[in-house]
Structures are given as C-alpha cells and as structure tokens.
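Visitor: I would like to see how this sequence folds:
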Amino acid sequence: MPSTNVKAISESTRDKLKLAISQLESFLNEYSLPQLTAEDQGNDAELFYKGLLSDLRHMLVFSEVAYEKLGVALRRPNFDTDFAERALYEVYHQCVNAFFYPKNECYSEDGRYAYTGQDAIRFRKKPVRASRDIVLSVSKVFEELRDDLSYYESDYMTQRRMQGQK
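Guide: Numbers count the residues shown, from 1 in each chain. Purely as a prediction, here's the structure:
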C-alpha cells in the first residue's frame, strides 16, 4: 500500500479513535456499577453490567494504546510506513475486534440488520438508556474503522508472510 495512503488512513484512524476514547472515557467516569444496577433491578443485572463495564474498559485501553502508537508514527520526521501499518493492523485486531466480539458477550452484532438502517447491535438483556447509548454511539465509530481497515484483517499479514517477515 502506498505510504501516502497509509499516512492518510493513520490520521483518520487516529481521529476516529480519539472520538471513541472521549465517549468511552466520559461514560466510564460518569457511571458506576451501583448506578447502573440501581436503575435496572433485574435478576442478572449486576452480572450483565459487570461484563459490560469490563468490556468497555478493555476497549478504552486498547484504543488509547493504538491512539498513542499512531501518534508516534505520525510525529516522526520520516514517516515509517511499516510501523504505521503494524499499528493499523493492531487497531483492527484489538480495537475493532474488542468491540464487535466482546469477551462478556453483553451485546453482539446481528448482520441481518446492517442493511436495513436499524441498529445492528443486539443486547443480551435490555440495558439502561445510558449503556445502550454509549454502545450504539461507539458502534458507528468502530463500523467506520472496520470498513477503513478491512485490508488489515488478513491481507496485511499475508503480504508480510510472502515477504518473509513476521
């Protein structure tokens, strides 16, 4: 991939990560487990929100690390295409996958709704409004990242293996 494309994709990815980070950070600083379970008195509410908050914290950390790596790549006097491509690969495989395949499976993506204009995210249990809003809000960012970085899903590593690199 030409280095000008890699640089442009790195810049746009970094901007999108910054947006996701600010939204996640704001939510996680504002809401706690007792607040969320107080609004939702269900049998498995505490377990659901523990899992959701854990997944959101992981996503925040992965996104912050990737944001910093892309920042390093973009600040270097000579743009290092290999370093930036590796960082973009990690964004796809850590950040995007952390969102679409959360460890605690409090929500999942239902591809049948992707083309209908409806939200493709389906929750395991009906969440409180704030929880629903944050997941749906960052889903738009991660959908864009997934589309932008689809090359890094498999083609990037295939290219590296063909070049004899790891």
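Visitor: quick one: the strands in the protein, in order.
Guide: Under the criterion DSSP state E, strands of the chain are mapped to 107-109, 121-123.
Visitor: what mean pLDDT does the last one have?
Guide: For strand 121-123, mean pLDDT rounds to 89.
Visitor: can we start the residue count at 4 from this point?
Guide: Okay, using 4 as the starting number, the last item reads as strand 124-126.
Visitor: who does it pair with, and is each partner parallel or antiparallel?
Guide: Partners of strand 124-126 in the sheet, by DSSP bridges, are strand 110-112 (antiparallel).
Visitor: ok, now how distant is residue 59 from residue 83?
Guide: Distance, residue 59 to residue 83, by C-beta to C-beta, to the nearest Å: 31 Å. (Glycine included, C-beta is placed from N, CA and C.)
Visitor: so between the two, which is more surrounded?
Guide: Comparing residue 59 with residue 83 by other C-beta atoms under 10 Å, the one with more neighbours is residue 59, at 24 against 15.
Visitor: need the longest helix for this structure.
Guide: helix 48-78 (DSSP state H).
Visitor: just the buried positions in that helix, please.
Guide: Within helix 48-78, the residues scored as buried using 16 or more other C-beta atoms under 10 Å are 48, 51-52, 54-56, 58-59, 61-63, 65-70, 72-73, 76.
Visitor: dump the strands of the chain to CSV, plus mean neighbour count and distance to residue 95.
Guide: What follows is those, written out as CSV (neighbours: other C-beta atoms under 10 Å; distance: least, C-beta to C-beta, whole Å):
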stretch, mean neighbour count, distance to residue 95
strand 110-112, 19, 15
strand 124-126, 15, 19
